[in-house]
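**Q** A predicted structure for the sequence below; I have some questions about it.
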Number of protein chains: 2
Amino acid sequence: MAVHVSELANIDRAAENLGDAAYRQMKERIIRGVYRPGHKLTVRAVAQDLDVSTTPARDAINRLASEAALVYAGPKTVVVPVLDAKALQEITLIRLALEGLAAQQAAEHVVPQDVEALRALQRQINSALDAGQYADALWHNKEFHFAIFRLARLPHLVSMIETLWLRIGPSLHDLYPEFAKERFGVHNHEVAMEALEERDGPGVRAAMENDIRDGYRRLRRACRERATRSAQ
Amino acid sequence: MAVHVSELANIDRAAENLGDAAYRQMKERIIRGVYRPGHKLTVRAVAQDLDVSTTPARDAINRLASEAALVYAGPKTVVVPVLDAKALQEITLIRLALEGLAAQQAAEHVVPQDVEALRALQRQINSALDAGQYADALWHNKEFHFAIFRLARLPHLVSMIETLWLRIGPSLHDLYPEFAKERFGVHNHEVAMEALEERDGPGVRAAMENDIRDGYRRLRRACRERATRSAQ
DNA sequence: TTTACAGTTTTGTTGCAACAAAATTATACG
DNA sequence: CGTATAATTTTGTTGCAACAAAACTGTAAA
């Protein structure tokens, strides 16, 4: 078994076992929006999908469930979570606290070439948006945010933030047409990069908090529209 | 399998399986300081301790490791973590962000009888300190803090804070003689309760942040003394 | 059409054995 | 005595079968 808290270096990482591999693959699928909210996951189905036996599949599902990346809809049914307004609000509050902290700390360690790497990521986001490839845009957006978080050099913090993204990931993808239409985040990202260049911690924090709040407002609106539509 | 994110209500919680029971027992043992930092945990030993087969024992260990309540010292060796100065500092930063948020939000929902319950917990802490029962004092101290956190009505947040306490728990107990000598936290707790009575969110946050910082300074000092002692 | 119920299928859990790899101990050598 | 090496034990992993419980499906009654 390898390192369980991702981003946590310094421990001698051994060869990954099947359970870890299954976990990693499932995590990527969830964050990429392969599974829609409400989708039911069974041990045997996952085992077949990933071509492993039930034990590693069960390991992966259990681990994702314990991180609330999957939730129990019944005693024997794990599903991809469907975020309601209350959960979305709570996760946003936690994101503001943790990602704000990471953003601010990032300014303590940033060097010019980090900002250059961020600009490259931003170009990838823009290209994807131009091409209408919204799933790619969301992926690059995630990369952009985590590139900043990693600058904070706080591995525990980064892995905790990751679990939060895992919880909203499916809903984000479920709504992404509405989401990407408005060229999300571009301005906030520009501000964040400028603040990083000036090593202005509070400035980076403010930009990233703005980005979270903007995303929250769009997600909440989409949630409500979805709710009223299904209520008809 | 029951609810994995503790404090997360609304899901119909089914009968707990052996893996969950093992996880819960191990968690309590860790937070109560039964296992010292550095203690090695094996699947078969845990299985024997808890009188279950290897499967639930493995489940519990894996889950605790994925929460960083246990860490890998080698590819096949999980141990109770030994906090170094850097990890202690990072966890303290995260605690300030999350527990500060929970404390502030607690003021939004508090009612007088909540404060009365807190006063009862504080009396238990004081009694334990008077009697020199430091392990009990630490336990009641934990109850006091989490009684406040739960007032925030943010279950995801509470469970994330719980994982942080799980990470420092063993080191706290390892050092508790030095820790309890100074009647930790009593004043901060009093201030927190007064602020709660006045529904003063920032006041509650400040008191709890103070408590975290005080604890951090003591833990860091004890860590350093321990380090210099072992270096001789 | 909806609801209640019985039968059927699916599903998670649990324990276990075999295996490979790591950790530990014993041994021999410098 | 310390260190490198080999032998031995311990350990995590993996797959699987049996079991109980839940989920599902079809059926019949209101």
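**A** Received, thanks. These figures come from a predicted structure and were not determined experimentally.
**Q** For chain A, which segments count as strands?
**A** A:40-41, A:71-74, A:77-79 (DSSP state E).
**Q** name the helices or strands packed onto the longest helix that chain A contains?
**A** The longest helix of chain A (DSSP state H) is helix A:201-231. Under the contact criterion of 3 or more CB pairs under 8 Å, 6 or more residues apart in numbering or on different chains; DSSP states H and E, helix A:201-231 touches helix A:85-109, helix A:134-151, helix A:155-174, helix A:176-180, helix A:186-197. Where C-beta positions appear, they are placed from N, C-alpha and C, glycine not excepted.
**Q** Kindly recompute the last result at 6 Å.
**A** Counting contacts by 3 or more CB pairs under 6 Å, 6 or more residues apart in numbering or on different chains; DSSP states H and E, helix A:201-231 packs against helix A:85-109, helix A:186-197.
**Q** what about the residue nearest to A:Arg153 when sequence neighbours are not counted, how many residues close to it?
**A** Of all residues not flanking A:Arg153 in the chain, A:His109 sits nearest, at 5.5 Å (CB to CB, 6 or more residues apart in numbering or on different chains). A count of nearby residues for A:His109, using other CB atoms under 10 Å in any protein chain shown, gives 13.
**Q** now A:His109: how far from DNA strand D?
**A** 33 Å (CB to the nearest atom of the strand, to the nearest Å).
**Q** What score does that residue have for pLDDT?
**A** Per-residue pLDDT puts A:His109 at 97.
**Q** A:Leu151 is in contact with that one, correct?
**A** Yes. If you go by CB atoms under 6 Å, A:His109 and A:Leu151 touch, sitting 5.3 Å apart.
**Q** Who are the contact partners of A:Gln105?
**A** A:Ala152 (CB atoms under 6 Å, 6 or more residues apart in numbering or on different chains).
**Q** Up against DNA strand D, what does chain A have?
**A** Applying CB under 7 Å from any atom of the strand, we find that chain A lies next to DNA strand D at A:1, A:17-19, A:40, A:52-56, A:59, A:73-77.
**Q** Quick check on those residues: which are buried?
**A** A:1, A:18-19, A:52, A:56, A:59, A:73 (16 or more other CB atoms under 10 Å in any protein chain shown).
**Q** How many residues are close by A:Gln113?
**A** For A:Gln113, using other CB under 10 Å, the count is 8.
**Q** Do you know the pLDDT at it?
**A** 96.
**Q** One more: the one 10 residues further on?
**A** Reading off the confidence values, A:Arg123 has pLDDT 95.
**Q** domain ranges for chain A?
**A** A:18-79, A:85-231 (automatic domain parsing).
**Q** now those domains in a markdown table, with distance to DNA strand C?
**A** A markdown table is the format used below for the domains of chain A (distance: least, CB to the nearest atom of the strand, whole Å):
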| stretch | distance to DNA strand C |
| --- | --- |
| domain A:18-79 | 3 |
| domain A:85-231 | 16 |
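**Q** What is the neighbour count of A:Arg213?
**A** The burial count for A:Arg213: 14, using other CB under 10 Å.
**Q** er, A:Gly201 actually
**A** 18.
**Q** How confident was the prediction at it?
**A** 97.
**Q** Contact partners for it?
**A** Taking CB under 6 Å, 6+ apart as the test, what A:Gly201 contacts is A:104, A:107.
**Q** Pull up the distance across stretch A:22-38, start to finish.
**A** 20 Å (CA to CA, to the nearest Å).
**Q** for the record, mean pLDDT for it?
**A** Rounded mean pLDDT across stretch A:22-38 is 93.
**Q** hmm, who's touching it?
**A** A:50, A:52, A:56-57, A:60, A:63, A:69, A:79-80, A:82, A:169-171, A:173-174.
**Q** ok, back up a step: make TSV out of the buried ones among the residues of chain A next to DNA strand D and add pLDDT.
**A** Listed next are these as TSV, based on pLDDT from 0 to 100:
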residue	pLDDT
A:Met1	34
A:Leu18	93
A:Gly19	93
A:Val52	94
A:Pro56	96
A:Asp59	95
A:Ala73	91
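**Q** Quick check: A:Leu154 touching B:Glu90?
**A** Yes. Applying CB under 6 Å as the test, A:Leu154 and B:Glu90 come out as touching, 5.0 Å apart.
**Q** From the chain's centroid, how far away is the longest helix of chain A?
**A** 14 Å (CA atoms, centre = their mean, to the nearest Å).
**Q** Kindly report the same for stretch A:187-202.
**A** Counting by CA atoms, centre = their mean, stretch A:187-202 comes out at 21 Å from the chain centroid.
**Q** can you dump the C-alpha coordinates of that stretch into PDB?
**A** Provided in PDB are the C-alpha atoms of stretch A:187-202 (Å, rounded to 0.1, in the frame of the first residue of the first chain):
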ATOM      1  CA  HIS A 187     -10.600  37.500 -14.500                       C
ATOM      2  CA  ASN A 188     -10.100  36.100 -11.000                       C
ATOM      3  CA  HIS A 189      -7.200  33.900 -12.300                       C
ATOM      4  CA  GLU A 190      -5.600  37.000 -13.800                       C
ATOM      5  CA  VAL A 191      -5.800  38.900 -10.600                       C
ATOM      6  CA  ALA A 192      -4.500  35.900  -8.600                       C
ATOM      7  CA  MET A 193      -1.400  35.600 -10.900                       C
ATOM      8  CA  GLU A 194      -0.700  39.300 -10.600                       C
ATOM      9  CA  ALA A 195      -1.000  39.100  -6.800                       C
ATOM     10  CA  LEU A 196       1.300  36.100  -6.800                       C
ATOM     11  CA  GLU A 197       3.900  38.100  -8.800                       C
ATOM     12  CA  GLU A 198       3.800  40.800  -6.100                       C
ATOM     13  CA  ARG A 199       3.900  38.100  -3.400                       C
ATOM     14  CA  ASP A 200       0.700  39.700  -2.000                       C
ATOM     15  CA  GLY A 201      -0.800  36.900   0.100                       C
ATOM     16  CA  PRO A 202      -4.100  38.600   1.000                       C
END
